[in-house]
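[1] Kindly return the folded structure for what I paste below:
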Amino acid sequence: MLKANQLGSSAKRSGDFRLCSLHGEIIGKELGSIGFNMALSTVSDIYYRGSKTSGMYRDRAVSSDSEIVADCLVAIYEGVVLTDGIIFNSKHFPGLGRASGNTDNGVVYSEATSLNEIEEDLLPFKKLIASSIELNRPFRLSLMSSHAIYPLLDPTNVFASESKEIMTSLLRDKLSFEGINVSDAMWLGPFGDKKGDALYRKFVATLLSGIDMLMIASRDFRASYKYLNAIYYDQMPIDEQDRLLEETGYLSWEQLVQDFKYRVDESIERIMRSKADLPKSIIPSNIQPKELTKDIAQEYFDLSK
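    Predicted coordinates:
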């Protein structure tokens, strides 16, 4: 498979996005054939030569042209969902191309200096969402959140993954995104030095922001599940209630529990709706994955030359 920047170069050279579409078809057919129902796929982040993420996105981003990134991502998405119909996930909403560094390594800020720059970063996500609605496949599109801080989008300077302003007001209410919102890794970057309850409070803030699925380390699963259950069933010890209220900015424990239960139930419903939208053919096949795509692989490689 080609690197993302090779897809962008082909689209710029040829003026069409057939290669991007074939890329998506191959992903959809091969992953679907071995039982996967979601692809954490090509990033929607834009490559900016002078940014502090330029090294990270030189190969990983489709292009430095936001229109090419957007149109290629739409073609990949449509290729994925219109073949065997697995869920396509792109990242990192609302865009990491202008970030001050790699969010895997610490606290990072968006260095966008104007709303026009923010709009440029949002364009691929907007076009993906519009395509999902136009195709009547809104639950086949999933997005992954960024852990960066975006002062122009949320002046409280919380991480995007903890920002209701970004994850609900912008993504859901303004952009009409209906699919599953997945967090980035919750054991890296700004969360990497947190352990136990201090980390689980961050999980709560992330869920409350509007995110549906948390990407957490296996070592934290059992303890965090117990912690989150204690909120849902209102069994949290008083001292931890106070710490959680301080972390999330809530004034009332009763209101926090009410909002948390609403968000968990809402996310479960969205995840189940997304699974129900998948075709019954998403089961492991006896046919080797490459056999399923041999008819389009030749065209893919011819176009990539």
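[2] Could you list the buried residues of the helix or strand hosting residue 123?
    For residue 123, the enclosing helix or strand under DSSP states H and E is helix 115-134. Under the neighbour-count criterion of 16 or more other C-beta atoms under 10 Å, helix 115-134 has 117-118, 120-129, 131-132 buried. (C-beta placed from N, C-alpha, C; glycine too.)
[3] Strands along the stretch 101-250 of the chain, start to end?
    Counting by DSSP state E, counting those that start in this stretch, the segments of the stretch 101-250 of the chain that form strands are 141-145, 181-185, 213-215.
[4] The shortest one pairs with which strands, and in what direction?
    Going back to what we said before, that points to strand 213-215. strand 181-185 (parallel) (DSSP bridges).
[5] re earlier: deepest of the strands of the stretch 101-250 of the chain, which one?
    Among those, ranked by average contacts under mean count of other C-beta atoms under 10 Å, first place goes to strand 141-145 (a mean of 25).
[6] which residues touch the helix ranked longest in the chain?
    Ranked by residue count and defined by DSSP state H, the top helix of the chain is helix 253-276. Applying C-beta atoms under 8 Å, 6 or more residues apart in numbering, the set of residues contacting helix 253-276 from outside is 37, 87, 139-140, 142, 178-180, 204, 207-208, 210-213, 228, 231-232, 234, 241, 244-245, 248, 250.
[7] so how far is stretch 161-171 off the chain centroid?
    Distance of stretch 161-171 from the chain centroid (C-alpha atoms, centre = their mean, to the nearest Å) equals 13 Å.
[8] Start and end of that stretch, how far apart?
    Using C-alpha to C-alpha, to the nearest Å, the end-to-end distance of stretch 161-171 comes to 12 Å.
[9] May I see the buried residues of that stretch?
    Neighbour counts over stretch 161-171 (16+ other C-beta under 10 Å) mark 161-168, 170-171 as buried.
[10] who touches that stretch?
    Counting by C-beta under 8 Å, 6+ apart, 93-94, 143, 145-147, 150, 153-154, 156, 160, 177, 181, 183-184, 202, 205-206, 208-211 sit against stretch 161-171.
[11] Nearest to the middle of this protein, which residue? Look it up for me.
    residue 144 (1.1 Å; C-alpha atoms, centre = their mean).
[12] so who does it touch?
    40, 89-93, 181-184.
[13] what's the average pLDDT for the longest helix of the chain?
    The predicted model assigns helix 253-276 a mean pLDDT of 97.
[14] mind checking how far that helix is from the chain centre?
    18 Å.
[15] Okay, angle between it and strand 181-185 too, please.
    Relative orientation of helix 253-276 and strand 181-185, computed by axes from the mean of the first three to the mean of the last three C-alpha atoms, to 10 degrees: 100 degrees.
[16] Counting neighbours, which bits of helix 253-276 end up buried?
    For helix 253-276, a neighbour-count test (16+ other C-beta under 10 Å) marks 253, 256-257, 259-260, 263-264, 267, 270-271, 274 as buried.
[17] Downstream of that helix, the next helix or strand is which one?
    Next element after helix 253-276 (DSSP H and E): helix 289-303.
[18] from the chain's centre, how far out does stretch 203-222 sit?
    Worked out by C-alpha atoms, centre = their mean, stretch 203-222 lies 13 Å from the chain centre.
[19] follow-up on the earlier one: farthest pair within the buried residues of helix 253-276?
    Using C-beta to C-beta, the buried residues of helix 253-276 span at most 31.5 Å, a distance reached by 253 and 274.
[20] returning to what we had before: among the contacts of helix 253-276, name the buried ones.
    Buried members of these, scored by 16+ other C-beta under 10 Å, are 37, 87, 139-140, 142, 178-180, 204, 207-208, 210-213, 228, 231, 241, 244-245, 248, 250.
[21] And for residue 101, the neighbour number?
    Residue 101: 18 surrounding residues under other C-beta atoms under 10 Å.
[22] Run through the residues that contact the nearest residue to it once chain neighbours are set aside.
    Take residue 101 and drop its neighbours on the chain: the residue closest to it by C-beta to C-beta, 6 or more residues apart in numbering is residue 108, 4.8 Å away. The contact partners of residue 108, by C-beta under 8 Å, 6+ apart, come to 96, 99-102, 147-149, 189-190.
[23] Quickly list what residue 182 is bridged to.
    Assigned bridge partners for residue 182, using DSSP bridges, are residue 144, residue 213.
[24] pretty sure it contacts residue 210?
    No. Taking contacts as C-beta atoms under 8 Å, residue 182 lies outside contact range of residue 210: 11.7 Å.
[25] all helices for the stretch 101-250 of the chain, in order.
    Here the stretch 101-250 of the chain has its helices, by DSSP state H, counting those that start in this stretch, at 115-134, 164, 196-209, 221-232, 238-248.
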